[in-house]
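Q: Quick check, what structure comes out for this input:
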Amino acid sequence: MNVKRYVRWGLNTLILIYIAVAGVVLAFGGFQFTFTVKSHTLIGPLLVILAAVTARVLLDIPPKNLAVAAVSVALTLVALEGFLRWSYPKKAWPVLRLYYRYAHEIGYEPVPDVAGTGSFGEAIVINSHGLRDVERPWAKPPGVTRILVLGDSFTFGMKVEAASSYPKALEAMLNGKGDGRRYDVINAGVVAYSLCQERKWLELKGWRYEPDLILIGFFADDPHCQGEESGLRFLEPRVYRTFTRVSALYNFLRNSYSVFKARYLEWWRPGWTGGLASRARSLERSRFTVVSEEEWAEATKDLKRIKAGAAKRGAALLVVVIPDAGQVGFPKHQSPTRRLLAICKAEGIACIDTTHRFESAPEPLDLYLYPLDPHLSPAGHALVARAIAERIAEGGMTGGTAPR
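A: Residues are numbered from 1 along each chain as shown. Here you go, the predicted structure:
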């Protein structure tokens, strides 16, 4: 019985099967068979194909040459690792999402003093206070007007450079007015934070910045409160985190694939490539804009507590609505916005809705990272920043006065 022949045949079959799997993923965005395989990205099929091809090649190498091949591969990997550590391009930086940690009460938070790269290749640097911002002292310097911005991934500036995020764009606009005032706009956005987490972080840490104005970047699913349990997954040890921390080559390969995937493999995703209408239909399926009465009640309490804390410290509060692309031009998906505006009106909280600005743009999709991702593009961030700057220019938002 020729065992090697049967092994070779099995490997060839496996390669062909997973080439077909990769094709299905590319064509249909993933699939799942209950008893065999499931895949929603190419990384799994490609790894199987790579392993099978490697085994197939090794099978045909004479045993005496295997040691030479192994040493050659090891030396090549060491050389690549050394080169990447020396040149250290952004794609060799650790993947930032692996650098969140469990945080009592809040759930999770970014690890201070780390640098990483996002899936679009953008540099992400976290300062010593755990924020995607430059280093700043907790105490407000004399003569400075401080604006503290709370929010989720839209505020964080996911998939754009830090300078393009609307908090930083706002800071540039305000300091460029030439009115003799200096503004610090602090980006306290954290990916996937809900309103209750933002309020808890503000009470635990944020007030130490002595802000004159609290800005809340509101997104439709923010009332879905995440508690301490949201951070439990960061307590689980994972082997790949060790590789991420020690290997520039591993990071380079992982990040290169993420960028390739984001730019070339995800543009066709259902619910996005069809434009605004298709995105709106995806909102109906996901139902993330559906908020229960209990969640709205808790969100109202969070806003009232933030308002009370601001009033106690002589600061102002401004809530800014940032729409999902599926809400732009589709009033039936704007119910969370209407409910928030009603709450702000009842509680005397200043609020601006940027939805109409997005709808009035010549091409609203240009304000998002379409067709790659539903987050804001630099142009979208700039639009939000201009809306805030205009509201501040009206008066009553900074300088220690209450909102009008």
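
Q: Which parts of the stretch 201-350 of the chain are helices?
A: 239-246, 248-260, 276-286, 293-312, 335-347 (DSSP state H, counting those that start in this stretch).

Q: Please compute how far the second one lies from its chain's middle.
A: Think helix 248-260. Helix 248-260 has its C-alpha centroid displaced from the chain centroid by 17 Å (Cα atoms, centre = their mean, to the nearest Å).

Q: for that helix, packing partners?
A: helix 63-87, helix 239-246 (3 or more Cβ pairs under 8 Å, 6 or more residues apart in numbering; DSSP states H and E). The C-beta positions use only the backbone N, C-alpha and C, and glycine is treated the same way.

Q: after the first one comes which helix or strand?
A: What that stands for is helix 63-87. Sequence order places strand 100-103 as the next helix or strand after helix 63-87, per DSSP states H and E.

Q: Tell me the strands beside that next one, with direction?
A: Note on strand 100-103: by DSSP bridges, its sheet partners are strand 107-110 (antiparallel).

Q: Return the set of buried residues in the helix or strand following the strand it pairs with.
A: For strand 107-110, the following helix or strand on the C-terminal side (DSSP H and E) is strand 114-117. Of the residues in strand 114-117, 114, 116, 117 count as buried by neighbour count, 16 or more other Cβ atoms under 10 Å.

Q: show me what contacts the closest residue in space to the last one that isn't next to it in sequence?
A: In this case it means residue 117. Nearest residue to residue 117, sequence neighbours excluded (Cβ to Cβ, 6 or more residues apart in numbering): residue 93, at 4.2 Å. Neighbour list for residue 93: 115, 116, 117, 123, 251, 255 [criterion: Cβ atoms under 8 Å, 6 or more residues apart in numbering].

Q: surely residue 104 meets residue 201?
A: No. Using Cβ atoms under 8 Å, residue 104 is not in contact with residue 201; the gap is 11.6 Å.

Q: between the two, who's got more neighbours?
A: residue 201 (21 against 10; other Cβ atoms under 10 Å).

Q: So the more buried one is in contact with residue 108, correct?
A: No. Using Cβ under 8 Å, residue 201 is not in contact with residue 108, being 10.7 Å away.

Q: who touches both of these two?
A: By Cβ under 8 Å, 6+ apart, no residue touches both residue 201 and residue 108.

Q: care to break this structure down by domain?
A: 3-60, 97-393 (automatic domain parsing).

Q: what residues are up against residue 341?
A: 321, 351, 353.

Q: any idea how far it lies from residue 70?
A: 65 Å (Cβ to Cβ, to the nearest Å).

Q: Please give the element, helix or strand, for the nearest residue to residue 171 once chain neighbours are set aside.
A: Leaving aside its chain neighbours, residue 171 sits nearest to residue 185 (3.7 Å; criterion: Cβ to Cβ, 6+ apart). Counting by DSSP H and E, the element that carries residue 185 is strand 182-187.

Q: and that strand, which strands flank it?
A: Strand 182-187 has these strand partners (DSSP bridges): strand 144-150 (parallel).

Q: will you turn the buried residues of strand 114-117 into a markdown table that also has distance to residue 379 and pLDDT?
A: Formatted as a markdown table, the buried residues of strand 114-117 follow (distance: Cβ to Cβ, whole Å; pLDDT from 0 to 100):
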| residue | distance to residue 379 | pLDDT |
| --- | --- | --- |
| 114 | 29 | 86 |
| 116 | 25 | 82 |
| 117 | 22 | 81 |
